[in-house]
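J.: Model the structure of this input:
(2 chains)
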Amino acid sequence: MFNNRLGVDLTLYRRNTRDLITSSPLDPATGYTSTTINIGQIRNEGIEISATINPVKTKDANWDMTFAFSRNTPKVIDLGGTLQEVQISGFGGALGNYAIVGKPFNIIKGSGNRRNDSGQLLIDGQGFPIATASPIILGDPNPAFTTSLVNGFTYKSLTLDFMISYRHGGAMYSSTAGALMGRGLTYDTGLEAGYDRAQTFIFPGVKADGTPNDIQVTASDVGFNTTYFFTDEGRIFDASTIRLQEVSLTYALPQKILSKTPFKTMSLAISGSNLWYKALHFPPGLNFDTDNLGLGVGNGLGFEFLTGPSARRIGGTLKLTF
Amino acid sequence: MMIRNIKILFLVLAVTLMGSCELDLLDNPNAVTVNNADINYILNSVELGARNNFGDFSGLGGAFTRMFHLGGAAIYDNSSSPAGSDGRWNTAYAGVLADVNALIPLAEKGELFVHAGIGRVVRAMVLMNLVDYFGDVPYSQALDPSNFNPGVDKGADVYAAALADLNKAIENFNAKSKGGATTDLFYGGSTDNWIRAANTLKLKLNLNLRLINKAGATSAINALITDNKLISTAAQNFVFKYGTNLTNPDTRHPSYAGQYSPTGGGDYQSNSYMGTLHNAKGFPDPRIRFYFYRQTIKNSTDVNEIRCINNSKPAHYSENDVFCYATSVGYWGRDHLSNEGIPPDGLKRTAYGVYPSGGLYDNDAGVGVSLGAGAGGAGIRPIMMRSFVDFMLAEAALTLGTSGNPRDLLKSAIEKSMADVRSLAMGSSEAGKITAFESSKGFVWADEVKKYVDKVLADYDAAASDDARLNIIATEYWIALYGNGIEAYNLYRRTGKPANQQPGLDPNVGPFPRSIYYPNSYIARNKNAVQKSNMSVQVFWDNNPANNFIK
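T.: Numbering: from 1, shown residues only, chains lettered A, B, ... in the order given. Purely as a prediction, here's the structure:
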């Protein structure tokens, strides 16, 4: 289109995966803990768009843009028989990723705070929120959508490429956030952020008798003894992230210089990857990278357990051809 | 010729491959099947499963009744989550009960009746624990690979099945067996001891039933007394004995293994239990130095390691309730339903002692625990002790009028408890330390015990009502039970005693759990499973008043 200046690729899909050979958990009262059986149905629905634009194309200059958007919603339709819930990965019946009929695949469940019917926190006699006895749904770790934008500029012998990506939504459980925020180790809970640890705090909620909570607690009780350590709910964040994924600048030496050398081409490039990122809904003092995942190889999604920080790589390349 | 040879080769290959494909698809080829299993190993697994099942349930019941510390929750409703019971359910059904069901047919086919009898005693024990904690549980439809959704049986029916198992077990032990159970971990295969264990479990079962069937319980208990085959000597105590091996396998008592490390930590002790042992009689219980080991013998003044010292006693605590520190000599535990985080007190908090966990004897050393310290973890799981028998008989004599004098039974029960606590310790590597400490302090054990027994009996004689007398018997039983939370939990629901237990820290801890939530793995995977609305649902034998009978 327009002399190949514009291209659009659109994919819409619905993929049903059914009757997988699965090790399905059994009620141990049967005497057994699992059986191998063909069960279940998982539906992936999604859209993928990619657009390439070439707004500038002259003898000396060229500008290429590629924009990509993808959205995938995996949903559990059926787990076979009477099974309503299976833990995919995590910690024995508590915090982890679950497959629950009718919910997005890999949904995160963990301990949460008790609330009354109108959604207010229930507060105990010490002024702390009360945890739930059973894990509750804390969030869907599947991002709502991801996008990326790749730009390439060429002017004479110089080429500049960069890629920006954005992930929208998707819940994430972060131990780093819990451990640092719980102990008050970042500037987010310091005076410079307007957080005075010498003051007392009152959790918004209702006491056992239904009246609004008015019990004062200390800053360390807010962080360490309740929010970040006593339930999993406090460690769940929206993992929307904007990221400067890749930048590179290349200079190709002109042919007239090279003609006296044995080289056919010669180019020099400096490049960097993961140069800058910002997790929009995490406390800024954490500088948290949502690409850090803690469950390793497997189906687990959206968990981070004090994983080491992600790397920013900067490098130079000298390319010679003979 | 060549081609012919190849053809034959293929034929041979095909036949071999086909032959090797004759597998029963229900048997995992990587695992040992029932048919080629060694019956002694199955028995071994059954007995270890019995031990694990006891451990799974004991800690929670003990914590509910303030024998151990109930922490990690500020309200009762959070103190036993459905997911937290997955392990209990799994060990009981897919572990022990499945193994017992494999063991009994093999044992009976081989006329190894001792094996079969042990399997039945263990099964009865597990079934009673399931009913006592969960209430109605699957049994008649359970343990059947063709039924993925077994329905529940009434608790009373499961109890009846347990009783039938115990009777059949006694029949097995009396039968002529082709061989003994030489690898038996509990009694070394002694059928007389096993008969006594079975009878003692029948005593426990009937005592629980006394609330709903007074006449039946009375005649059943009287029959057991007449039969005179209950656990009555130290050698007959139904205990699992742990060792001191650190790894491959770790044979140490789990309470010890969780605490005796370079960083200490592990379970907190219950302030009210330690307070009762130290203060209630006006002098410390002789067993206190065996039950608890103080890592420091002074009370801390550092609020960073024990924050409650700066707090005032909650308004809903009575004058007699201990709070924060039960004593002035370093018994460092936690109050009921304390939901606090963990300060740096791993080498300060009071630890498990030499009985029943195989730890250190408290000789006022006041140094931190360490790996291998004390008796090295060679403790016991006190499933049924001879002292428990006398306490149960005392309760039965007082409430049902069964044979025996409750006061005499109370006296012998305490004396047996004292003797068993001491003999475990004196048989351990801590013996020298105990003797040295006692002689340096001028303690004479027999005098200490006599002083204690005299005090209890004087209180008993002064008690004005049967209720007060029952409270004394139950309180002494509770003290003797240390290490067995299952009977403490049953006792508390059956009698409401010990009375006036320390309240939870929060004024609104909710109703006391009269049973616990069904496990998540059962609720989520079995279509016939229905979760209870809360934990105040009472088990079938508990017809005590619903609300605030116990708290």
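J.: contacts and neighbour counts: CA atoms only from here.
T.: OK.
J.: ok, B:Pro138 - contacts?
T.: Contact analysis of B:Pro138 by C-alpha atoms under 8 Å, 6 or more residues apart in numbering or on different chains lists A:29, B:150-153.
J.: Neighbour-wise, which one of those residues leads?
T.: Counting neighbours by other C-alpha atoms under 10 Å in any protein chain shown, the top entry in these is A:Ala29, with 33 neighbours.
J.: mind listing which of the contacts of B:Pro138 are in strands?
T.: Among the contacts of B:Pro138, the residues falling in strands (DSSP state E) are B:152-153.
J.: Pick out whichever of the contacts of B:Pro138 sits closest to B:Asn310.
T.: A:Ala29 (48.4 Å; C-alpha to C-alpha).
J.: okay, now B:Gly404: neighbour count?
T.: 16.
J.: Name all residues that make contact with it.
T.: B:393-394, B:397.
J.: Please render those residues as CSV that adds pLDDT and distance to B:Ala373 to the earlier fields.
T.: Shown next, in CSV, are these (pLDDT from 0 to 100; distance: C-alpha to C-alpha, whole Å):
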residue, pLDDT, distance to B:Ala373
B:Leu393, 98, 37
B:Ala394, 98, 38
B:Ala397, 97, 43
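J.: Take the residues you listed and write them to CSV, including distance to A:Ser273, secondary structure and neighbour count.
T.: Shown next, in CSV, are those (distance: C-alpha to C-alpha, whole Å; DSSP: H, G, I helix; E, B strand; the rest coil; neighbours: other C-alpha atoms under 10 Å in any protein chain shown):
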residue, distance to A:Ser273, secondary structure, neighbour count
B:Leu393, 77, helix, 28
B:Ala394, 78, helix, 29
B:Ala397, 81, helix, 20
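J.: I'd like those residues as CSV, with distance to A:Ala144 appended.
T.: Formatted as CSV, the contacts of B:Gly404 follow (distance: C-alpha to C-alpha, whole Å):
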residue, distance to A:Ala144
B:Leu393, 67
B:Ala394, 67
B:Ala397, 70
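J.: Looking at those residues, which is nearest chain A?
T.: Checking these against chain A with C-alpha to the nearest C-alpha, the nearest one is B:Leu393 at 34.3 Å.
J.: hang on, the earlier thing: relative to B:Arg294, which of the contacts of B:Pro138 is nearest.
T.: Distances from B:Arg294 to the contacts of B:Pro138, taken by C-alpha to C-alpha, are shortest for A:Ala29, at 42.0 Å.
J.: my read: the closest one touches B:Tyr522, true?
T.: Yes. With contact defined as C-alpha atoms under 8 Å, A:Ala29 and B:Tyr522 form a contacting pair (7.4 Å).
J.: What mean pLDDT does the longest helix along chain B get?
T.: In chain B, with assignment by DSSP state H, the single longest helix is helix B:39-64. The pLDDT scores in helix B:39-64 average 96.
J.: In it, which residues are buried?
T.: Buried residues in helix B:39-64, counted by 16 or more other C-alpha atoms under 10 Å in any protein chain shown: B:39-40, B:42-64.
J.: Next to chain B, which bits of the stretch 101-250 of chain A? Give me the list.
T.: When proximity is defined by C-alpha under 8 Å from any C-alpha of the partner chain, the stretch 101-250 of chain A lies next to chain B at A:124-126, A:130-134, A:208, A:224-225.
J.: Contacts made by stretch A:312-322 with the rest, please.
T.: By C-alpha under 8 Å, 6+ apart, stretch A:312-322 touches A:262-275.
J.: What average pLDDT does that stretch get?
T.: Rounded mean pLDDT across stretch A:312-322 is 91.
J.: if I pick the residue nearest to A:Leu95 when sequence neighbours are not counted, what's in contact with it?
T.: Using C-alpha to C-alpha, 6 or more residues apart in numbering or on different chains and skipping residues adjacent in sequence, the residue nearest A:Leu95 is A:Gly110, 4.1 Å away. Applying C-alpha under 8 Å, 6+ apart, we find A:Gly110 in contact with A:94-96, A:134-138, A:231-233.
J.: I'd like the distance between A:Gly110 and chain B.
T.: Distance, A:Gly110 to chain B, using C-alpha to the nearest C-alpha, to the nearest Å: 11 Å.
J.: Need the pLDDT of that residue.
T.: pLDDT at A:Gly110 comes out at 90.
J.: Any idea what it is bridged to?
T.: A:Ile136 (DSSP bridges).
J.: coming back round to it: may I see the contacts of A:Gly110 organised as JSON lines, with secondary structure, neighbour count and pLDDT added?
T.: Formatted as JSON lines, these follow (DSSP: H, G, I helix; E, B strand; the rest coil; neighbours: other C-alpha atoms under 10 Å in any protein chain shown; pLDDT from 0 to 100):
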{"residue": "A:Ala94", "secondary structure": "coil", "neighbour count": "22", "pLDDT": "79"}
{"residue": "A:Leu95", "secondary structure": "coil", "neighbour count": "24", "pLDDT": "87"}
{"residue": "A:Gly96", "secondary structure": "strand", "neighbour count": "24", "pLDDT": "89"}
{"residue": "A:Ser134", "secondary structure": "coil", "neighbour count": "20", "pLDDT": "83"}
{"residue": "A:Pro135", "secondary structure": "coil", "neighbour count": "24", "pLDDT": "87"}
{"residue": "A:Ile136", "secondary structure": "strand", "neighbour count": "18", "pLDDT": "91"}
{"residue": "A:Ile137", "secondary structure": "strand", "neighbour count": "18", "pLDDT": "94"}
{"residue": "A:Leu138", "secondary structure": "strand", "neighbour count": "23", "pLDDT": "95"}
{"residue": "A:Thr231", "secondary structure": "coil", "neighbour count": "21", "pLDDT": "87"}
{"residue": "A:Asp232", "secondary structure": "coil", "neighbour count": "24", "pLDDT": "91"}
{"residue": "A:Glu233", "secondary structure": "helix", "neighbour count": "23", "pLDDT": "92"}
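J.: Pick the one among the residues you listed closest to B:Leu163.
T.: A:Ser134 (34.3 Å).
J.: Please name the nearest non-neighbouring residue to that closest one.
T.: B:Ser81 (5.9 Å).
J.: Quick check, B:Ile288 in contact with B:Gly275.
T.: No. Taking contacts as C-alpha under 8 Å, B:Ile288 lies outside contact range of B:Gly275: 10.1 Å.
J.: and for those two, which residues touch both?
T.: Between them, B:Ile288 and B:Gly275 share no contacting residue, judged by C-alpha under 8 Å, 6+ apart.
J.: Next, give phi and psi for A:Tyr277.
T.: phi -150, psi 160 (degrees, to the nearest 10).
J.: With B:Tyr355 instead?
T.: According to degrees, to the nearest 10, B:Tyr355 has phi -110, psi 130.
J.: Any stretches of chain A with poor pLDDT?
T.: Along chain A, segments meeting pLDDT under 70 span A:1, A:92-93, A:297.
J.: swap that for chain B, please
T.: B:1-27.
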